[in-house]
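Participant: Generate a structure from the sequence data that follows.
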Amino acid sequence: MFVGNVRNINELEIKAPGVVNAFKKTLIGPGEGWEGWVMRLFTLKDKGNTPRHAHPWPHINYVLSGKGILYLEGDEHALTEGSVAYVPSGAGHQFICTGDEDLVFICIVPQEGDK
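Facilitator: Here you go, the predicted model:
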């Protein structure tokens with residue numbers, strides 16, 4: 001069993017090629033008892049973005065706040081509070097913050113996707 005508060009979870013800046021102003025908190029995963037899966041909180045600050053990339057695992061996303069774009073397999077999708085997205089395994093994708101406030105979203109992946 002695990003009960004916590006997002007305010008008490010360390011935020012890590014993501015440092016990788018193509019990443020701009022992106023931060024991650026690992027909310028729940030194997031360390032909290034959820035074997036095989038990880039729920040993360042991403043914040044893209046000040047026009048931040050993830051790189052355009054693909055990987056062999058899917059992920060599920062839920063936007064908590066902000067505005068942005070999800071490029072998915074060459075198509076552009078507007079993101080706002082309440083948006084949901086499923087990115088299949090192997091699909092090229094990128095998240096971009098386009099608003100004046102941070103784009104904050106939950107991302108759930110298999111454990112292998114959170115290395």
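Participant: Can you point out the helix or strand that includes Ser89?
Facilitator: If you go by DSSP states H and E, Ser89 is not part of any helix or strand.
Participant: surely it meets His59?
Facilitator: No: using CB atoms under 8 Å, Ser89 makes no contact with His59, being 9.1 Å away. Just so you know, the C-beta spots here come from the backbone N, C-alpha and C atoms, and that holds for glycine as well.
Participant: the more surrounded of those two?
Facilitator: More crowded of Ser89 and His59, by other CB atoms under 10 Å: His59, with 21 against 12.
Participant: gap between the closest residue to that one other than its chain neighbours and Pro51?
Facilitator: Nearest non-adjacent residue to His59, counting by CB to CB, 6 or more residues apart in numbering: Val109, 4.5 Å away. Here Val109 is placed at a distance of 16 Å from Pro51 (CB to CB, to the nearest Å).
Participant: contacting residues for Arg52?
Facilitator: 18, 71, 92-94 (CB atoms under 8 Å, 6 or more residues apart in numbering).
Participant: Dump those residues to a markdown table, plus secondary structure.
Facilitator: Below are the contacts of Arg52 laid out as a markdown table (DSSP: H, G, I helix; E, B strand; the rest coil):
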| residue | secondary structure |
| --- | --- |
| Gly18 | coil |
| Tyr71 | strand |
| Gly92 | coil |
| His93 | strand |
| Gln94 | strand |
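Participant: Of the residues you listed - the most surrounded one?
Facilitator: Neighbour max across the contacts of Arg52 (other CB under 10 Å) = His93, 22 neighbours.
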